[in-house]
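**Student:** Let me see the structure of the following:
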Amino acid sequence: MAQLKYWLWLASRPKLNNKMKLALLEHFGEPDKIYYGEKEEYFLVKGMTRSLAQALEDKNLEHTDRILGDCDRLGLRILTIRDTEYPDRLRNIFDPPLVLYIQGRMPQFDDEVAISMVGTRKASPYAMEMGEKLAFQLAGLGALIVSGLAVGGDAAAHRGALRAGGFTAAVIGGGHDIIYPSEHRFLYEDIAARGVILSEYPPGTEHDGRHFPVRNRIISGLSLGVVVIEAPERSGALITASRALDQGKDVFVIPGRVGDYHCAGSNALLRDGAGVVTDAWDVLGGYVEKYPHKIRSLRMEEPRRFGTAPAKAERPKPDKKEAPAKPQEPKLPLLDLSGDHGLTDDQLRIVKALEGRTVQVDDLIEETQIPTRRVLSALTVLELDRIVTQESGKRFSLAVALK
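**Tutor:** Numbers count the residues shown, from 1 in each chain. Alright, predicted model coming up:
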């Protein structure tokens, strides 16, 4: 804790950009040595000016104490660039953040097939539909979806991942205690409960427009590749794509309508060589060999396995002397719960609750004691996978037989 306050002091120095803070850290080795450093030694760091040195001469730690108190109150963790949990993918970019404020469960990003999905805030209905659909597919196959919690394409990506029962990470451009945009409060809470929210800005920091291009380097830095859902010629999504290319990451684009203003920037990326995305395998195909333990290739087959009736075998003509056989009831596809069924905990509880009966959704919520939003999300996924079927009156039943 004693060292942490010096990290926060350095990270919060006004006037110093991130590049200068990293240069100071490289020269002095530790933030406490910068704190106790002499003014003359500050000028040994390339790019140091009198104005920047003045910011370092302010040794007041009240601000850092306040940050620590706010983090404790909000249940936030703080990671520094020297901590072992800090992702190497992010540490190795040109200008990694000194500290990260974290709410939720921090995954091992270096071991994950993390895919960033970004898009314009003024997304078209087509982009919203395709963004959510692709995120759903990617998360269902084992990818970790990273985005920025903005309106439009970002929100579609987060929602698609949550619907699939997958893990999603949101990188925000302000403090955790200021929900932005305000209409995303429920989405924010869902991500915090089932994923992770990260920021390099301490609590109390407004979501200033200048922060968003800066935070985009984190979105791309945490990922193997970036999918641009839709972007006009001037868009923050293009900044993220540019950062990804600078970092040596892959860039993919969902094709848009030629001549459409909303797609001008993203289609230009395609013209310049970005990967074309029509489904999740266009993104994940290149990562299967390196991450075979993470990508669930069978997931894409589940809708067909559960929802497609087996081909009818040609029935031999009955002997004239024998009575024709009575038609048998078609058997339901089998879902084996003892093996790798690919269901989340919520989905599994719901499937077991539906065995042998039809249940109204309100009764299902009461019986399982799962929050309403999570029940509705799980039912949507199960219905898309053709494991459950919906009848009139919001009643659900199984479309499979359980083993």
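**Student:** Can you say which helix or strand has Val214 in it?
**Tutor:** In the assignment (DSSP states H and E), Val214 maps to helix 211-221.
**Student:** let me redo that: Lys5
**Tutor:** Judged by DSSP H and E, Lys5 forms part of helix 2-11.
**Student:** Show me where the stretch 251-400 of the chain has its helices.
**Tutor:** Counting by DSSP state H, counting those that start in this stretch, residue ranges of the helices within the stretch 251-400 of the chain are 264-271, 280-284, 302-307, 345-354, 361-368, 372-384.
**Student:** So for Arg395, which of those sits nearest?
**Tutor:** Shortest separation from Arg395 across the helices of the stretch 251-400 of the chain is recorded for helix 361-368, at 7.4 Å, computed as CB to CB. Using the backbone N, CA and C atoms, a C-beta is placed for each residue, glycine as well.
**Student:** what's the helix holding Val214 packed up against?
**Tutor:** Helices and strands in packing contact with helix 211-221 are listed as helix 88-91, strand 114-118, strand 168-171, helix 236-246; criterion 3 or more CB pairs under 8 Å, 6 or more residues apart in numbering; DSSP states H and E.
**Student:** Quick one: residues in contact with whichever helix or strand comes after the third one.
**Tutor:** Reading on from strand 168-171 to the C-terminus, the next helix or strand found by DSSP H and E is helix 185-194. Counting by CB atoms under 8 Å, 6 or more residues apart in numbering, helix 185-194 makes contact with 103-104, 149, 155, 158-159, 162, 167-170, 179, 197, 373, all of which sit outside it.
**Student:** Tabulate those residues in TSV, adding columns for distance to Asp336.
**Tutor:** Output for the contacts of helix 185-194, formatted as TSV (distance: CB to CB, whole Å):
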residue	distance to Asp336
Gln103	37
Gly104	32
Leu149	37
Ala155	36
His158	31
Arg159	30
Leu162	26
Phe167	25
Thr168	28
Ala169	32
Ala170	35
Ile179	42
Ile197	36
Arg373	29
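**Student:** Next up, the contacts around Leu90.
**Tutor:** Remark: with contacts taken as CB under 8 Å, 6+ apart, Leu90 is in contact with Pro96, Pro97, Phe109, Ile218, Gly221, Leu222.
**Student:** which pair in those residues spans the largest distance?
**Tutor:** With distance counted by CB to CB, no two of the contacts of Leu90 lie farther apart than Pro97 and Phe109, which are 13.7 Å apart.
**Student:** just for the stretch 1-150 of the chain, where's the confidence low?
**Tutor:** Within the stretch 1-150 of the chain, the stretches falling below the threshold (pLDDT under 70) are 1-2.
**Student:** All the helices of it, residue numbers only.
**Tutor:** Remark: helices assigned in the stretch 1-150 of the chain by DSSP H, counting those that start in this stretch are 2-11, 18-28, 31-35, 39-42, 50-57, 62-74, 88-91, 125-140.
**Student:** List the buried residues in the fifth one.
**Tutor:** By neighbour count on 16 or more other CB atoms under 10 Å, the buried set for helix 50-57 is Leu52, Ala53, Leu56.
**Student:** Identify, from those residues, the entry nearest to Gly256.
**Tutor:** In terms of CB to CB, no member of the buried residues of helix 50-57 lies closer to Gly256 than Leu52, at 43.8 Å.
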